[in-house]
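>>> A structural model of the following input is requested.
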Amino acid sequence: MITKSQRQLDSSFHSINIFLQIFAGIFLLLTFFLSSVFAVNNTGYIKGMGAVLREQPSIHSKSSFKLKRGTKVLPLVSKGIWQKVKTGENQGWLLRGQISKFPVKRKKLILGQKVQLQSASGRRLRLRTFSAVVGVKGLLDSKGKKISPFQTDYAALEWLENRPFDEENSVIFLTLTE
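As a prediction, the model looks like this:
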């Protein structure tokens, strides 16, 4: 019968102990990493222009805080059409339709931008609607960027509508754009 000395037994127990400590450390790090990954995937964003955080899941409940568009929220509990969320130190109830799983861009207002109308021939352009002007090559805002045809600038529209109107220039413009 083979017997191991006390020193050999202590050495093997020490090796097993070190292995278990390393394994436990790796397991804890992996658990921490995965929990943070799942928390990020669970993050929601406020869509719309804003959302009111309520104390209870009821439209008649007292509002506790107003959240802006694009604010990150962490959904906690769902109850019917309501979702309990946490954002920073605040916690409350929102309608589920106000939460998006994808990041939401903040809307940018372009009201009151200065508009410069330039044509290739150097003629002054006069049009009735802002959206028709957007198609003209060279339409720039005050920062020199081209203006999107999908954004409305009411100040620019009002400015254009107040400009003198010349039928001859309009016909020339329309024939050049076709």
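>>> in a helix, that's where Glu168 is, yeah?
Yes: assessed with DSSP: H, G, I helix; E, B strand; the rest coil, Glu168 lies in a helix.
>>> what is the burial count for the closest residue to Lys68 other than its chain neighbours?
If the residues on either side of it in the chain are set aside, Lys68 comes closest to Gly50, at 5.6 Å by Cβ to Cβ, 6 or more residues apart in numbering. Heads up, the C-betas are built off the backbone N, CA and C, glycines and all. Neighbourhood size, Gly50 [other Cβ atoms under 10 Å]: 12.
>>> what's the answer for the one 3 residues further on, then?
By other Cβ under 10 Å, the residues close to Leu53 number 22.
>>> buried residues in the longest strand along the chain?
As assigned by DSSP state E, the longest strand anywhere in the chain is strand 72-79. Residues of strand 72-79 classed as buried under the neighbour-count rule (16 or more other Cβ atoms under 10 Å) are 73, 75.
>>> just checking, next helix/strand downstream of it?
Following strand 72-79 in sequence order, the next helix or strand is strand 82-87 (DSSP states H and E).
>>> what lines up beside that next one in the sheet?
strand 72-79 (antiparallel), strand 90-95 (antiparallel) (DSSP bridges).
>>> list the buried residues of it.
Buried residues in strand 82-87 (16+ other Cβ under 10 Å): 82-85, 87.
>>> got those residues as TSV, with distance to Gly70 columns?
Formatted as TSV, the buried residues of strand 82-87 follow (distance: Cβ to Cβ, whole Å):
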residue	distance to Gly70
Trp82	21
Gln83	17
Lys84	20
Val85	14
Thr87	11
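>>> and of these, the nearest to Leu160?
Distance to Leu160, by Cβ to Cβ, is smallest for Thr87 among the buried residues of strand 82-87, at 42.2 Å.
>>> list the contacts for that closest one?
By Cβ atoms under 8 Å, 6 or more residues apart in numbering, the contact list for Thr87 reads 53, 67, 71-74.
>>> that concludes my questions; thank you for your assistance.
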